[in-house]
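>>> no sequence on this one, just coordinates:
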Ligand SMILES: [Zn+2]
């Protein structure tokens, strides 16, 4: 393995500023590198759609091992503070930022590993599967890039996303449905001193409803939260006319999450009606639950590669979303793999040279797996 080149690639990639929706330089850099490696690269118009500077990158290359293409993916954007990142290599093999920004191992560790694996396969003229690659924009902004990607061009039915912290050999096989909701309660304004009986107190309605809702962990597989409330006007002598609540529901069961949403809406409606007010609920489902069975070929392939590298396999659920949530919606089953990124979303983020090497080897083995 060309360790120096791998570290250099990682340092070069992390030196590029790529905050969400400003991924232009990163997209150009990856496009140039991938074309040199024989990939056909195209960029979609997700950037225009969101008012960003670059779109999602899709790259493909034919291999010489029969079978459907395998899909590998990371995201191009880096969470803030990320401008002016410098990857500092320490004597013990750790790579950190200079302390004033994140490092950008999320997601450049996986990206560098993919590039190094591809470069080695190319130089060795080694056998390799048909490959498809996706590099998304705006992942750190609620998966916005992958949410609008046109998946009809993707042939792969199996994917590996390199975007997880934790010991190498860890893979997320399950993710939840997330429902973001807003509830607006309408009451009636009145003078609180002269004619309170003419008013309908929207905040009281919301409070009554909230006491009937179970918040926090609900059962083994669901959480419910109301994270924000605003209501009334800044005057203590007015019965508040309007109150709005923002919340979320997460569950490994899509049906359970939808059922809970209906239940919450009904409780608010009942309380509003009781008091002579009304309410409306709006919700979106940014990610939908999926689970990959342990017998699935993408899991078996991952196990084989880990065995070769003597990495203990840990299949875990995650309670957050990733680009895989959007891939799963389009019928692509896959794993989110631990990829040598630790303490992400903080200035203490780090990776290690040996971690980068292992992820590269893992990716290379997956790309060469014949089954
Ligand atoms: Zn990430």
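That came in fine, so what should we check first? Computed from a prediction, not measured in an experiment: that's the story for all the values here.
>>> start to end distance for stretch 16-26?
6 Å (Cα to Cα, to the nearest Å).
>>> and the most centrally placed residue in the chain, what pLDDT?
The centre of the chain sits closest to residue 322, judged by Cα atoms, centre = their mean, with a distance of 2.6 Å. Residue 322 is assigned a pLDDT of 94 by the prediction.
>>> how much space is there between residue 151 and residue 336?
Distance of residue 151 to residue 336, given as Cβ to Cβ, to the nearest Å: 17 Å. C-beta here means a position set from N, CA and C on the backbone, and glycine is covered the same way.
>>> give me the residue from the stretch 201-350 of the chain nearest the ion.
Residue of the stretch 201-350 of the chain nearest the ion, by Cβ to the ion: residue 344 (6.7 Å).
>>> Regarding that residue, what is its secondary structure?
coil (DSSP: H, G, I helix; E, B strand; the rest coil).
>>> hang on, the earlier thing: give me the spatial nearest neighbour of the residue nearest to the centre of the chain, chain neighbours excluded.
residue 336 (5.0 Å; Cβ to Cβ, 6 or more residues apart in numbering).
>>> Would it be right to say that the one you found lies in a helix?
No - with three-state DSSP as the criterion, residue 336 is located in strand rather than a helix.
>>> What are the neighbouring residues in contact with the residue nearest to the centre of the chain?
139, 143, 161, 163-164, 172, 175, 336 (Cβ atoms under 8 Å, 6 or more residues apart in numbering).
>>> Kindly recompute the last result at 6 Å.
161, 163, 336 (Cβ atoms under 6 Å, 6 or more residues apart in numbering).
>>> I'd like those residues as TSV, with distance to the ion, neighbour count and pLDDT appended.
Listed next are the contacts of residue 322 as TSV, based on distance: Cβ to the ion, whole Å; neighbours: other Cβ atoms under 10 Å; pLDDT from 0 to 100:
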residue	distance to the ion	neighbour count	pLDDT
161	9	28	98
163	4	25	97
336	9	28	98
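>>> Spell out which residues of the stretch 251-371 of the chain are next to the ion.
Within the stretch 251-371 of the chain, not a single residue sits near the ion (Cβ under 5 Å from the ion).
>>> ranges for the strands of the stretch 251-371 of the chain?
Using DSSP state E, counting those that start in this stretch, the strands of the stretch 251-371 of the chain run over residues 278-287, 290-291, 314-317, 333-338, 350-352.
>>> Indicate which one of those strands is closest to residue 114.
Closest to residue 114 of these, according to Cβ to Cβ: strand 333-338, at 11.1 Å.
>>> List the strands paired with the closest one, with their directions.
With DSSP bridges as the test, strand 333-338 is paired with strand 158-164 (parallel), strand 170-175 (antiparallel).
>>> Phi, psi for residue 277 please.
phi -110, psi -160 (degrees, to the nearest 10).
>>> which residues touch it?
Residue 277 neighbours (Cβ under 6 Å, 6+ apart): 186-187, 200, 205.
>>> Dump the residues you listed to TSV, plus neighbour count, distance to residue 52 and pLDDT.
Formatted as TSV, these follow (neighbours: other Cβ atoms under 10 Å; distance: Cβ to Cβ, whole Å; pLDDT from 0 to 100):
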residue	neighbour count	distance to residue 52	pLDDT
186	16	37	98
187	26	41	98
200	21	44	98
205	27	40	98
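>>> How is this structure divided into domains?
The chain breaks down by automatic domain parsing into domains covering 3-175+289-368, 177-287.
>>> what's the most buried one of the ones you listed?
Mean neighbour count (mean count of other Cβ atoms under 10 Å) peaks for domain 3-175+289-368 among the domains of the chain, with a mean of 20.
>>> hmm, back to that, I'd like the strands paired with strand 333-338 as a markdown table, with distance to residue 316 appended.
Compiled in a markdown table, those are given as follows (distance: least, Cβ to Cβ, whole Å):
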| stretch | distance to residue 316 |
| --- | --- |
| strand 158-164 | 9 |
| strand 170-175 | 6 |
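>>> Residue 69 is nearest to which of these?
strand 158-164 (8.8 Å).
>>> Please state the offset of that closest one from the chain centre?
11 Å (Cα atoms, centre = their mean, to the nearest Å).
>>> ok, residues contacting that strand?
Taking Cβ under 6 Å, 6+ apart as the rule, strand 158-164 contacts 70-74, 107, 110, 172, 298, 322-324, 327, 332-339.
>>> Quick check: residue 52 is in a helix.
No - going by three-state DSSP, the assignment for residue 52 is coil, not a helix.
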